[in-house]
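Participant: Fold the following for me, if possible:
(chains A, B, C and D)
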Protein chains: 2
Amino acid sequence: MGQLKVLKTKEQVTCLECSARRYAWFKPCSKETLALHQERRTSQSHLAVGEYLFMEGEKPRAVYTLQDGWVICFKSLANGQRQILHIGLAGDFLGYRVNFDEPIDYSIMAITDCTICAFSEQSIDRLLQEDIQLTKRLFEIHSEASKVCRTNLSYVGQSTAKLKVAFFLNKMLHRLKERGADINNPVYFPLTREEIADAIGITSVHLCRISVELRRSKIVDCRHNRLEILDYKKLGTLASAVF
Amino acid sequence: MGQLKVLKTKEQVTCLECSARRYAWFKPCSKETLALHQERRTSQSHLAVGEYLFMEGEKPRAVYTLQDGWVICFKSLANGQRQILHIGLAGDFLGYRVNFDEPIDYSIMAITDCTICAFSEQSIDRLLQEDIQLTKRLFEIHSEASKVCRTNLSYVGQSTAKLKVAFFLNKMLHRLKERGADINNPVYFPLTREEIADAIGITSVHLCRISVELRRSKIVDCRHNRLEILDYKKLGTLASAVF
DNA sequence: AATACTCCTTAACAAATGTTAAAACTCACG
DNA sequence: CGTGAGTTTTAACATTTGTTAAGGAGTATT
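Facilitator: The predicted model follows:
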């Protein structure tokens, strides 16, 4: 777990034909912008499980689109704990910040094999100058991410372990559904107990207790890289006890 | 607690002469921008303790600068809890979002009497068109706020009550220091146990235990609207056990 | 099918945090 | 300077969550 970043170039796919386009951040972009975007693309590469896209404190001079795979964005604390801030799914825009001279405040690691497109600092700057709509779109993405972070802070700070799990899984399910997953059947779900626990601020052992409870009460079954809803309504009720 | 918003107009002060300018978000703005900013200002008003600037779910058609006083920004949960997201101090930029058509996802309430400047949606839009630097500045502010939110999520999710308190108070002290407070003496600190507890995700009774402990071990003394550091170094050590 | 590896589960116990209620304290106001 | 409202503290107890360690189940590899 946790090698240095290794980006190997892969066969190229156009942005227009990108498998992630229909749910990606650049979905609303015009064909013209898309063409520009593609022209500016620095590389399209591969990241294996456990490899880092970048680490907290680095100054990656690029931003990324996750074309395929799962990543975790997380902060490491001085006490050895980590807080997972975001589960990156296909189509997510990763690593953007206003000031590239400042070190980034979180790390990104692949938890499955990933295909990632990179855009250099310069190419993004030019892109933004050429398309004012894109600036707005970027601001929107940033704004949406802030909102999600506020929501996460709220439920992590103010609810019980059981509600945290329900809310987290429910949110993940909706994100997967948006990406075309069939929620009525078991879906691929490569998060371990450890990772879910670190995302919601409990220990993996305690998460395990709750997972078993949720399974036994026939609400969700989540283990071994798969997630299955057993009672969509009950899960929703639990999740909406938070918001 | 918690009346409807009441904005009463007050004697006007120019942005250039604003008491909050030296630590406000618009500090780095040029005189020209400042003049524009001031020209666009919709109103300068007063908010009494317990009054709301806006409530979650509303669509306030303005953004605000807190000239003087303290506010809390918070989300209310379905289970009756609230998560305080941010303690607003003089100079803070409040309520900004990209899309004014969407309801806002948190509330702002005054916890002391406040003086607040409002800028209408239209005036902000025009301002941004007229000064591209301001757009960048706004993006920076937004970006900084996201970063703070990530930090908050991390320590709320991953540390013990004692470390949370130390980290929170330490952070507040630094913010007050930036605003000219003399940290070597007791400073005005109008947060109640309830409010601090809701900011760091513990109960007020438990917070009380820890406050007493921190006072007895001569680290900080925080109660009755005042905050006094007893041992700056020890507080720093505790706080840096988090990051 | 045996092996090794990782991940998940269980259990017993410890520690941290929440709950409730009452008492003590502080401060503003009359 | 006494009163009362709001805030802080204390205490006893309940509950949730963390810790440690061991065993079980799943998965990939031989």
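Participant: Wondering if stretch A:164-174 reaches DNA strand C at all.
Facilitator: No - figure legend: stretch A:164-174 not in contact with DNA strand C (CB under 7 Å from any atom of the strand); closest approach 11.2 Å. To be clear about C-beta, it is placed using only N, CA and C from the backbone, and glycine gets the same treatment.
Participant: Same question for stretch A:104-122.
Facilitator: No - figure legend: stretch A:104-122 not in contact with DNA strand C (CB under 7 Å from any atom of the strand); closest approach 8.8 Å.
Participant: Could you verify my assumption that A:Phe167 touches A:Val242?
Facilitator: Yes - between A:Phe167 and A:Val242 there is a contact at 4.7 Å, judged by CB atoms under 8 Å.
Participant: can you list residues touching both of those two?
Facilitator: Residues touching both A:Phe167 and A:Val242 by CB atoms under 8 Å, 6 or more residues apart in numbering or on different chains: A:155, A:159.
Participant: tell me which parts of chain A are close to DNA strand C?
Facilitator: So far as CB under 7 Å from any atom of the strand goes, chain A lies against DNA strand C at A:192-194, A:204-205, A:208-209, A:211-212, A:215, A:223-225.
Participant: Filter those down to the buried ones, ChimeraX style.
Facilitator: Buried subset of the residues of chain A next to DNA strand C, written as a ChimeraX selection, criterion 16 or more other CB atoms under 10 Å in any protein chain shown:
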select /A:193,211
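Participant: following the helix or strand bottoming out on mean pLDDT in chain A, which helix or strand shows up next?
Facilitator: Least confident helix or strand of chain A, by mean pLDDT, DSSP states H and E, is strand A:8-9 with a mean of 50. Sequence order places helix A:31-40 as the next helix or strand after strand A:8-9, per DSSP states H and E.
Participant: Need the mean per-residue confidence for the next helix or strand after that following helix.
Facilitator: Heading C-terminal from helix A:31-40, the first helix or strand you meet, by DSSP H and E, is strand A:43-47. Across strand A:43-47, pLDDT averages out at 91.
Participant: so what strands line up beside strand A:43-47?
Facilitator: Sheet pairing of strand A:43-47 (DSSP bridges) gives strand A:8-9 (antiparallel), strand A:114-120 (antiparallel).
Participant: Looking at those strands, spot the one closest to DNA strand D.
Facilitator: Closest to DNA strand D of these is strand A:114-120 (CB to the nearest atom of the strand; 17.5 Å).
Participant: which residues in chain A form strands?
Facilitator: Using DSSP state E, the strands found in chain A span residues A:8-9, A:43-47, A:52-54, A:62-68, A:71-76, A:82-88, A:93-94, A:107-110, A:114-120, A:187-188, A:220-223, A:226-229.
Participant: Next one: the fifth one, is it in contact with chain B?
Facilitator: In other words, strand A:71-76. Yes - shown here: strand A:71-76 in contact with chain B (CB under 8 Å from any CB of the partner chain) through A:Lys75.
Participant: chain center to that strand, what's the gap?
Facilitator: 9 Å (CA atoms, centre = their mean, to the nearest Å).
Participant: residues making contact with that strand?
Facilitator: With CB under 8 Å, 6+ apart, strand A:71-76 has contacts from A:47, A:53, A:56, A:82-88, A:92, A:94, A:105-111, A:114, A:195, A:198-199, B:150-151, B:154.
Participant: And for the last one?
Facilitator: Strand A:226-229 has contacts (CB under 8 Å, 6+ apart) with A:169, A:172-173, A:183-189, A:219-222, A:235.
Participant: Pick out the most distant pair among the residues you listed.
Facilitator: Within the contacts of strand A:226-229, A:Tyr188 and A:Ile219 form the most distant pair, 19.5 Å apart (CB to CB).
Participant: between the two, who's got more neighbours?
Facilitator: Using other CB atoms under 10 Å in any protein chain shown, the more surrounded residue of A:Tyr188 and A:Ile219 is A:Ile219, with 22 against 11.
Participant: Report the contact partners of that one.
Facilitator: A:166, A:229-231, A:234-235, A:238.
Participant: One more: A:Asp92?
Facilitator: By CB under 8 Å, 6+ apart, the neighbours of A:Asp92 are A:24-25, A:65-66, A:71, A:86.
Participant: hmm, back to that, adding distance to B:Phe119, write the strands of chain A out as a markdown table.
Facilitator: As requested, these are arranged in a markdown table below (distance: least, CB to CB, whole Å):
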| stretch | distance to B:Phe119 |
| --- | --- |
| strand A:8-9 | 48 |
| strand A:43-47 | 42 |
| strand A:52-54 | 37 |
| strand A:62-68 | 30 |
| strand A:71-76 | 33 |
| strand A:82-88 | 31 |
| strand A:93-94 | 29 |
| strand A:107-110 | 36 |
| strand A:114-120 | 33 |
| strand A:187-188 | 46 |
| strand A:220-223 | 46 |
| strand A:226-229 | 45 |
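Participant: Any chance of CSV for those, columns distance to DNA strand D?
Facilitator: Formatted as CSV, the strands of chain A follow (distance: least, CB to the nearest atom of the strand, whole Å):
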stretch, distance to DNA strand D
strand A:8-9, 19
strand A:43-47, 17
strand A:52-54, 22
strand A:62-68, 18
strand A:71-76, 16
strand A:82-88, 12
strand A:93-94, 26
strand A:107-110, 17
strand A:114-120, 17
strand A:187-188, 11
strand A:220-223, 8
strand A:226-229, 7
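Participant: Of all these, which one comes closest to B:Lys31?
Facilitator: Comparing those under CB to CB, the one sitting nearest is strand A:62-68, at 34.1 Å.
Participant: Measure how that closest one sits relative to strand A:71-76, angle-wise.
Facilitator: Note on geometry: by axes from the mean of the first three to the mean of the last three CA atoms, to 10 degrees, strand A:62-68 and strand A:71-76 are set 130 degrees apart in direction.
Participant: Walk me through which strands strand A:62-68 pairs with, and which way each runs.
Facilitator: strand A:93-94 (antiparallel), strand A:114-120 (antiparallel).
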